[in-house]
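> Fold the following and give me the result.
(chains A and B)
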There are 2 protein chains.
Amino acid sequence: MKYAAKIEVSLKPGHSNPEGETIAHLLKELNYQVERVDVSKVYTVTLEATTLVEAKVKAEEMSKRLLANPTKDNYTIDIVEQ
Amino acid sequence: MKYAAKIEVSLKPGHSNPEGETIAHLLKELNYQVERVDVSKVYTVTLEATTLVEAKVKAEEMSKRLLANPTKDNYTIDIVEQ
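Residues are numbered from 1 along each chain as shown, chains lettered A, B, ... in the order given. The predicted model follows:
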């Protein structure tokens, strides 16, 4: 079966967020009343697995081994059958 | 009122996706059965607006003026009152 694992990786609170700060600054210069901007990345991985549970386990592994840095990142996973 | 606008910017289909291809390649080297990886970015903008509709209009403008490139990107917007 084919699944799409949507893995969203974001910075843990308190970590330096230079990209978000830059964008917030630019939006303020464009006269928007912006308080803050947080930036995260979404990896949509299309993968083969026999069950939804197996797809979730694999997506967890991929996040830990490659996509997220446990020191500075949080991640969430959503799995959809395709 | 304060709102969080979650703006997800992704590549339009058919555009070159080197980051996703690199990650798919690495995951295959780690023995995962991956078909493809798509990468998108989420900007969570915390902004002031008087109504949810105004927050949505502002988030649309920000997307068009700064966050998305209309030639190559699609974007979706979700607004949540805070």
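> Next, the buried residues of stretch A:63-82.
For stretch A:63-82, a neighbour-count test (16 or more other Cβ atoms under 10 Å in any protein chain shown) marks A:63, A:66-68, A:73, A:75, A:77, A:79 as buried. C-beta here means a position set from N, CA and C on the backbone, and glycine is covered the same way.
> closest to chain B among those?
Of all the buried residues of stretch A:63-82, A:L66 has the smallest distance to chain B: 6.0 Å, by Cβ to the nearest Cβ.
> ok, the residue located most distally from the centre of chain A to A:V37 distance?
Here chain A reaches farthest from its C-alpha mean at A:N31, the gap being 28.5 Å by Cα atoms, centre = their mean. Applying Cβ to Cβ, to the nearest Å, the value for A:N31 to A:V37 is 15 Å.
> cool, and A:S63?
A:S63 sits 23 Å away from A:V37, going by Cβ to Cβ.
> for A:T44, same thing?
Taken as Cβ to Cβ, the span from A:T44 to A:V37 is 22 Å.
> between the two, which one's more packed in?
Per other Cβ atoms under 10 Å in any protein chain shown, whichever of A:T44 and A:V37 has more neighbours is A:V37, with 24 against 18.
> Now do the helix or strand containing the more buried one against strand B:34-48, angle only.
Assigned by DSSP states H and E, A:V37 belongs to strand A:34-48. Here strand A:34-48 points in a direction 160 degrees away from that of strand B:34-48 (axes from the mean of the first three to the mean of the last three Cα atoms, to 10 degrees).
> picking up where we left off before, let's have the buried residues of stretch A:63-82 in TSV, adding distance to chain B, pLDDT and secondary structure.
Formatted as TSV, these follow (distance: Cβ to the nearest Cβ, whole Å; pLDDT from 0 to 100; DSSP: H, G, I helix; E, B strand; the rest coil):
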residue	distance to chain B	pLDDT	secondary structure
A:S63	11	98	helix
A:L66	6	97	helix
A:L67	7	98	helix
A:A68	12	97	coil
A:D73	14	97	strand
A:Y75	12	98	strand
A:I77	14	98	strand
A:I79	14	98	strand
